[in-house]
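In: Quick one, what's the 3D model for this:
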Amino acid sequence: MTRLSAHQRGVLRGMAAGAIVAVAVVWGGAFVEVFGPFDDTPATRLSIASGAAVLPALCLMIALGRIAKHRFFHAADIDGAGLTQGAPRVQLLRALAQNTHEQALLAVLAYVAWAVLMPIGTLSVVGLAAIVFVLGRILFFIGYARGAPARSLGFTACFYPTALMLLTVAAVVGSRLPFG
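Out: Down below sits the predicted model:
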């Protein structure tokens, strides 16, 4: 077995912290109604999912706005990615926006799935995950330029709760399906 580099160990620490955050948010939030109790109506469920979806959408808006601001104030980049190579700064901003886009899409899908399919007493998970998403994006944005170890907690704070939510929903829904 090869020894992990310092970079890999740094990423592993971020991954471990992100896993702890995910378990606390998803499974802890499933047992403690932080924002509830909620009325079990379709309108309530969709309202929770929609409200939570605003937070990842705001993160994406900020990421895209940072690119637009950079392009406006830098003549070499104003024509956009299709017409220019892009300065290192705009390339970094585009990488942040791309990752935020991917994370936001997955998170919103998880929020809707959870809000619609899970027991009403667990809906606080959706709000908690959205709050942690914003905190994770902030850490990711701050740490990105310093490399993988510096951004790993931010990445995993967004991705792991989303992934755990989707896996939990799949397991619950799968257990309800009649097989055989």
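
In: rest of the way, CA atoms for contacts and neighbours
Out: Will do.

In: Please give me every residue in contact with the residue nearest to residue 44 when sequence neighbours are not counted.
Out: In space, and not counting its chain neighbours, residue 44 is closest to residue 38: 7.2 Å by C-alpha to C-alpha, 6 or more residues apart in numbering. Residues touching residue 38, when contacts are defined by C-alpha atoms under 8 Å, 6 or more residues apart in numbering, comprise 44, 120-121, 123.

In: can we see that at 10 Å?
Out: By C-alpha atoms under 10 Å, 6 or more residues apart in numbering, the contact list for residue 38 reads 44-45, 48, 120-124.

In: What of residue 117?
Out: 45, 123, 169-170, 172-173.

In: Name the member of these with the shortest distance to residue 30.
Out: Relative to residue 30, the closest of the contacts of residue 117 is residue 123; by C-alpha to C-alpha it sits at 7.2 Å.

In: mind checking how far the most centrally placed residue in the chain is from residue 45?
Out: By C-alpha atoms, centre = their mean, the chain has its centre lying nearest to residue 158, at 3.2 Å. When distance is defined by C-alpha to C-alpha, to the nearest Å, residue 158 is 22 Å away from residue 45.
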